[in-house]
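Undergrad: How does the following fold in three dimensions:
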Amino acid sequence: MQNYDMSIILRTLLSVLLLFLSSSFVYATEKKIVALAYHDVVERKDQLTSDGVTLDTLINHFEWLLASGFQPVSISDLIAARAGEKTLPDKPVLLCWDDGYTSFSTHVLPLLKAYNFPAVLALVGEWMSASENGTVLYGDSYVPRDKFLSWQQVMAVQQSGLVEIASHSMNLHSALLADSSGDMLPATITHGFDQEISQYESNVEYRERIRMDLESNSRLIALHLGERPRVMVWPFGRYNEVALEIAHDVGMEVTLTLDPVSGTVENLM
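TA: Down below sits the predicted model:
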């Protein structure tokens, strides 16, 4: 009876040990990655909009990250870590700026250089293509084109060696009519509804629209910067399996969202 009890105890201890080792292995390989999304950066509080921060606040964020042990990493770091060619720091963080505000050149880039922090900058092709003195539709209103970076400024940003230029779509940073009730939903995830003929976009039409959009913005970025983007930042953070598949097919091996969870090296899509 005692031998039987001892064998049960030994088997139980072995199972617990194996469970612990397997859990430790998963934790060690699936390192969590925190990504922070920023937009505009302004000098004064009276200049703030809903998606902006002041320069002082951004500096405080950088100082807090350093004091808390976080270490900014680049897209190249993440890809190398996924391939087993590099080990990430204990608390990696990815710093991202969406939409391509001019303030990235005037405020953010000097700060990145001072701290030697890598970052990601995501551009909307439709806005970049607007005439120099024109306007772009941002949300529900038109804003001056010069609120956003010029290609010359983006080239200077790229030459810093600190910033990964990403795609933020050609023209998906908008909403589409989604049904006969007039509901508007993010263009990336919506089968558009044509009110005149009371018909939804077909699956084939939807796929082709998303593919053409991502491909055209990749070509535009390559035309001006000499290389296609390898990162897709989803407008409004919204995506689905079809969009992920298409992004991968057109050469973007990393995609970023606004999901309130950490990412892992094993799943950069």
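Undergrad: separation between Pro144 and Glu132?
TA: Pro144 sits 10 Å away from Glu132, going by Cβ to Cβ, to the nearest Å. (Each C-beta comes from the backbone N, C-alpha and C, glycine too.)
Undergrad: more crowded one of the two?
TA: Per other Cβ atoms under 10 Å, whichever of Pro144 and Glu132 has more neighbours is Pro144, with 13 against 7.
Undergrad: Next one: the closest residue to that one other than its chain neighbours relative to Asn171, how far apart?
TA: Nearest residue to Pro144, sequence neighbours excluded (Cβ to Cβ, 6 or more residues apart in numbering): Thr135, at 5.9 Å. Distance, Thr135 to Asn171, by Cβ to Cβ: 15 Å.
Undergrad: So for those two, which residue has more residues nearby?
TA: Asn171 (18 against 15).
Undergrad: And stretch 225-237, how far out from the chain middle?
TA: On the basis of Cα atoms, centre = their mean, to the nearest Å, stretch 225-237 sits 8 Å off its chain's mean C-alpha point.
Undergrad: Show me where this protein has its helices.
TA: Ranges of helices within the chain are 2-29, 55-67, 75-82, 103, 109-115, 125-128, 151-159, 203-225, 241-249, based on DSSP state H.
Undergrad: Dump these into CSV; add mean pLDDT and mean neighbour count as well.
TA: What follows is those, written out as CSV (pLDDT from 0 to 100; neighbours: other Cβ atoms under 10 Å):
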stretch, mean pLDDT, mean neighbour count
helix 2-29, 38, 10
helix 55-67, 97, 14
helix 75-82, 96, 19
helix 103, 97, 24
helix 109-115, 97, 15
helix 125-128, 96, 22
helix 151-159, 97, 16
helix 203-225, 98, 17
helix 241-249, 97, 16
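Undergrad: Relative to His191, which of those helices is closest?
TA: Nearest to His191, of all the helices of the chain, is helix 203-225, at 5.2 Å by Cβ to Cβ.
Undergrad: Dump the closest one to PDB, restricted to CA.
TA: The C-alpha coordinates for helix 203-225 follow below in PDB (Å, rounded to 0.1, in the frame of the first residue of the first chain):
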ATOM      1  CA  ASN A 203     -17.200  39.000 -51.200                       C
ATOM      2  CA  VAL A 204     -15.200  39.200 -54.400                       C
ATOM      3  CA  GLU A 205     -15.700  42.900 -54.700                       C
ATOM      4  CA  TYR A 206     -14.800  43.500 -51.100                       C
ATOM      5  CA  ARG A 207     -11.600  41.400 -51.400                       C
ATOM      6  CA  GLU A 208     -10.600  43.300 -54.600                       C
ATOM      7  CA  ARG A 209     -11.200  46.700 -53.000                       C
ATOM      8  CA  ILE A 210      -9.000  45.900 -49.900                       C
ATOM      9  CA  ARG A 211      -6.300  44.400 -52.100                       C
ATOM     10  CA  MET A 212      -6.200  47.300 -54.500                       C
ATOM     11  CA  ASP A 213      -6.000  49.800 -51.600                       C
ATOM     12  CA  LEU A 214      -3.200  48.100 -49.700                       C
ATOM     13  CA  GLU A 215      -1.200  47.400 -52.900                       C
ATOM     14  CA  SER A 216      -1.600  51.000 -54.200                       C
ATOM     15  CA  ASN A 217      -0.400  52.500 -51.000                       C
ATOM     16  CA  SER A 218       2.600  50.100 -50.900                       C
ATOM     17  CA  ARG A 219       3.500  51.200 -54.400                       C
ATOM     18  CA  LEU A 220       3.100  54.800 -53.600                       C
ATOM     19  CA  ILE A 221       5.500  54.500 -50.600                       C
ATOM     20  CA  ALA A 222       8.000  52.600 -52.700                       C
ATOM     21  CA  LEU A 223       7.800  55.200 -55.400                       C
ATOM     22  CA  HIS A 224       8.800  58.000 -53.000                       C
ATOM     23  CA  LEU A 225      11.000  56.100 -50.500                       C
END
